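Student: Need coordinates for the following:
(chains A and B)
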Amino acid sequence: MSACPRGASRSLCKTRFHLEYLHLQILSVISAEQLRRMFERRMNFDLRRLLSGAEPLMHSLLTRIEWDLAMSTSSLHCLKVEPMLRKSIADALVPTSKIKDILYVILVAEERVITLVRPKKHSIHPSDLHVLINTIHAPSIMNSSAAASWLPVCLPKYNGSAFVNAYVMFLRRDAEMQPSQKDGDVESSPQAGPTTSSSVQSNVPKPSREICLMCVSGSADFEAVRSWCDTASQRLTNDGLLLALSDAMDRRETEYTVADLGIPGLRHFVYKSRPNVQVTMPLFEDPYDDLKERRRLITLYQRLYDAIHAKSGQGSTLKLQYIRTERESVMGWITQFFELYIALSPRLPKSAAINAANAVARWVQKEDKRLFLRDAPVF
Amino acid sequence: MADGASGSAERSVQVKLVLLGEAAVGKSSVVLRFVSNEFQANKEPTIGAAFLTQKCRLEDRVLRYEIWDTAGQERFHSLAPMYYRNAQAAVVVYDVTKASSLEKAKTWVKELQRQANPNIVIALAGNKVDLVQPSSSSPASPSPEGEEEADDATATPGEGAAAEPESLRQVPREEAEAYAQEAGLLFFETSAKTGEGIVEIFTEIAKKIPIEQILASSRGAGRAGAAGGRTSGQEGAVNLEENASKGRDACNC
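Tutor: From the prediction side, this is the model:
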């Protein structure tokens, strides 16, 4: 466990948060309904039997939760993409009326959402999305040579008593792992010879460069979903959208640094757009490229989050919280429209932190369309 | 039937194939070997099911295997019908070092014979045979002696290294083979690790698949009528005969 800096309530709160997510991941595998029935029948039921094979999902979730600020802020993390490209991609992914029971069509790259097409009547809960993203990045799916995977999955916030099916198709694999892999090239020949996969699973968050198309369907009609997804991915390829996205990723246009904002003393920030339930942040750079440093910063962010949401038993929420340590100063600020957490050099006065926060908010609002998913099509 | 065969020589025939078997017997590794000629040690368990395709040339035909590699965990069992319902072939895998996995394989075979397509071609594959072979000679292709009488071969005294791996074996080849024969299954001992027996499974399945029937049914009613409909056992027989003279490794993927 990571350091829980102060007080039992804070670490309790964090532990509870981890357990809640773990619970959701377990539900995604066996559904709340099944879980309830099991324990009704036998109080001492050993869950491990039912979960066998799903252990990697639990492990990756626990690693993810330590580092993923979109999870800890209960929001969706979008990939930074040019608005026109995002819109064209979304338009290509709107299902035809012929295909029934489609719930969500989601394009994910670098573990972030590019677009999410959904029915008019319901949106996706962030934690359902995180469970899905965690699931599709399980090594057995992401590193598989399969053209696609078809996963029964329960989305606990959507419907805890039923399974839906997720069709998962990687349109691009990690370029570093498979340099020759072309989009949609699923019929490799056995003469290709064994390629040594050098993917070392380590406990650090690694930037992944996959592009994954996921279609969540309430129906079990695999062939219908597959043929639609094949058509949709073909459309992304033929219209040059996949290439445009892929190029943007290769040119690192899908990420940004604090330097892009030009705010003196600013080292990092996390901005959550409350109406969109989405979060954006720059890369973790020096000193936070070091994992120990990054963990310290994330812990500080969590303290701010706790304070402004009164998550650790505080009497009331705070609008603004400023903490200065000898390593950095951080500030959390909540308004009706956003939550903002910033990290600055500890040498700056508090007034500079306020100015920086305002400048960040202005910049994000200006870049709004690139950073967030807005007006995604519904059907 | 010969006219049918020559008339659609380059048409690729889609064959749906499902892999079933207990968890951790190596289903995904068998497919990975077949599709990519790769092997990964310590593969993570499959979640749900993976879909793969591989083309396979058999004589003048191109078969396109659409493969469902299913997860072996018990909780996925109820989903299996979704995958085998329309399958023309099934590979049921067990682990030669684990007796219980053969029992599980038998229940899969029973289920398939009861509920799957009546013409389904089923192959039984005893995987991980590399573990019960002397490490010095784990052949990547069938050994020149022809029959793999591993049991007898390792009985030769003096080879300590040979005796030890054989002791891992929990399913004697003869037992599984006898069962397969009785149940009307193709039978192979395989090693996804060395590649032994892998291509053979898919080749032998390809030979047994009633390709004409698949073509006929996909070609539409007129042609299907001419070919004598779905129940004609003749077409399958003709194919088998044709291919019987061919050597092994006809599956030129």
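
Student: so where do the helices sit in the stretch 51-200 of chain A?
Tutor: Remark: helices assigned in the stretch 51-200 of chain A by DSSP state H, counting those that start in this stretch are A:55-67, A:69-72, A:83-92, A:126-136, A:139-142, A:156-159.

Student: And the residue of the stretch 201-350 of chain A at minimum distance from chain B, how close does it get to A:L151?
Tutor: For the stretch 201-350 of chain A, the residue closest to chain B is A:A220, as judged by Cβ to the nearest Cβ, at 5.9 Å. Any C-beta I mention is one placed from the backbone N, CA and C, and that applies to glycine too. A:A220 is 12 Å from A:L151, where distance means Cβ to Cβ, to the nearest Å.

Student: which one of these two has more residues nearby?
Tutor: A:L151 (26 against 15; other Cβ atoms under 10 Å in any protein chain shown).

Student: can you pull the contacts of that one?
Tutor: A:T135, A:I136, A:I141, A:N165, A:A166, A:V168, B:I47, B:G48, B:A49 (Cβ atoms under 8 Å, 6 or more residues apart in numbering or on different chains).

Student: Look at the nearest residue to A:S75 once chain neighbours are set aside and give its secondary structure.
Tutor: Spatial nearest neighbour of A:S75, chain neighbours left out: A:V279 (4.3 Å); criterion: Cβ to Cβ, 6 or more residues apart in numbering or on different chains. Following DSSP: H, G, I helix; E, B strand; the rest coil, we place A:V279 in the strand state.

Student: Check A:C229 too.
Tutor: Classification of A:C229 by three-state DSSP places it in helix.

Student: Spell out which residues sit in contact with it, please.
Tutor: By Cβ under 8 Å, 6+ apart, the residues touching A:C229 are A:A148, A:Y167, A:M169, A:L213, A:C215.

Student: The residue of the stretch 201-350 of chain A closest to chain B reaches B:M82, doesn't it?
Tutor: Yes: with contacts counted by Cβ atoms under 8 Å, A:A220 reaches B:M82, the gap being 5.9 Å.

Student: need the strands for the stretch 151-253 of chain B, in chain order.
Tutor: All strands of the stretch 151-253 of chain B, identified by DSSP state E, counting those that start in this stretch, fall at B:186-189.

Student: repeat for the stretch 201-350 of chain A
Tutor: Assigned by DSSP E, counting those that start in this stretch, the stretch 201-350 of chain A shows strands spanning A:211-217, A:266-273, A:278-280, A:320-324, A:329-334, A:338-344.

Student: Next, the buried residues of the fourth one.
Tutor: Spelled out, it's strand A:320-324. Buried residues in strand A:320-324, defined by neighbour count with 16 or more other Cβ atoms under 10 Å in any protein chain shown: A:L320, A:Q321, A:Y322, A:R324.

Student: can you tell me which two in those residues are farthest apart?
Tutor: Using Cβ to Cβ, those span at most 13.7 Å, a distance reached by A:L320 and A:R324.

Student: hang on, the earlier thing: show me which of the contacts of A:C229 is closest to A:R303.
Tutor: Using Cβ to Cβ, the contacts of A:C229 come closest to A:R303 at A:L213, 37.8 Å.

Student: tell me, how many neighbours does the closest one end up with?
Tutor: 24.

Student: Contacts only, for it.
Tutor: A:L93, A:V105, A:I106, A:L107, A:V168, A:M169, A:F170, A:L171, A:C229, A:A232, A:S233, A:L236.

Student: Is the fourth one bridged to anything, and to what?
Tutor: When bridges are taken as DSSP bridges, the partners of A:L107 come out as A:T115, A:L213.

Student: how near is it to chain B?
Tutor: According to Cβ to the nearest Cβ, to the nearest Å, A:L107 stands 19 Å off from chain B.

Student: same thing with the second one?
Tutor: From A:V105 over to chain B the distance is 18 Å, taken as Cβ to the nearest Cβ.

Student: How confident is the prediction for that residue, by pLDDT?
Tutor: According to the per-residue confidence, A:V105 scores 96 in pLDDT.

Student: and stretch B:128-148, average pLDDT?
Tutor: Average pLDDT, stretch B:128-148: 62.

Student: Next: stretch A:76-96.
Tutor: Stretch A:76-96 shows a mean pLDDT of 95.

Student: same thing with stretch A:109-129?
Tutor: Summarised as a single mean, pLDDT over stretch A:109-129 is 93.

Student: Perfect, I'm done here.
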